[in-house]
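> Next comes the sequence, and after it the predicted model I'd like to discuss.
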Amino acid sequence: MTEKQHETPIVIEREKSESSDRRTRLADIQEAEGHLLTALRRVTRAVDSGIDTYLTARDESIKEKGDQAFADLLPNAARGLSNALEILSPLPTDIVNAFYPDRVRDLVEDGTKVVGRVLDFDFRDDDDKK
């Protein structure tokens, strides 16, 4: 036997990276799904709240006016719709967040910086350049 056959192998130890550090292929889709679910929850909460507001206003009208409460149909519906729209106001932001994830935002930001450098844009006022 030669001397090389008796040498012990060299073992390189390394720490395994945590799975949370890795980015899966589905991360963007999962992020978009989360934003869409937030938007959907907001819509259902708004509809529920708007209907509750309408029913409460309708019941008050029935107590006050009895059979003539039907005359308050539009004002009561408007109160319910107003309440629903108040809850729905952030919905456009939820939708944009769903289809414009942070990764895309970063790419757009980097791209605009590069274009600005290439075109040598300087957005400062003449007084600020001194």
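Ah, there it is.
> Provide the secondary structure category for Arg14.
Three-state assignment for Arg14 (DSSP: H, G, I helix; E, B strand; the rest coil): coil.
> Over to it: give its phi and psi.
phi -140, psi 150 (degrees, to the nearest 10).
> Can you give me the pLDDT of it?
Looking at Arg14, its pLDDT reads 79.
> mind listing what's buried in stretch 26-37?
His35 (16 or more other C-beta atoms under 10 Å). Placement of C-beta: from N, CA and C, glycine included.
> typo on my end, it should be stretch 61-75
For stretch 61-75, burial by neighbour count (16+ other C-beta under 10 Å) applies to 61, 69, 72.
> Next step: the residues you listed restricted to helices.
Using DSSP state H, the members of these that fall within helices are Ser61.
> same for the helix or strand where Thr38 lies, what does it pack against?
Thr38 is part of helix 27-65 when elements are defined by DSSP states H and E. For helix 27-65, the packing partners by 3 or more C-beta pairs under 8 Å, 6 or more residues apart in numbering; DSSP states H and E come out as helix 73-88, helix 91-99.
> Would you mind putting the buried residues of stretch 61-75 into TSV with distance to Thr38 and pLDDT alongside?
Putting the buried residues of stretch 61-75 into TSV (distance: C-beta to C-beta, whole Å; pLDDT from 0 to 100) gives the following:
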residue	distance to Thr38	pLDDT
Ser61	35	91
Ala69	37	80
Asp72	34	90
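> Now Ile12, what are its backbone angles?
The phi/psi pair for Ile12 (degrees, to the nearest 10) reads phi -110, psi 120.
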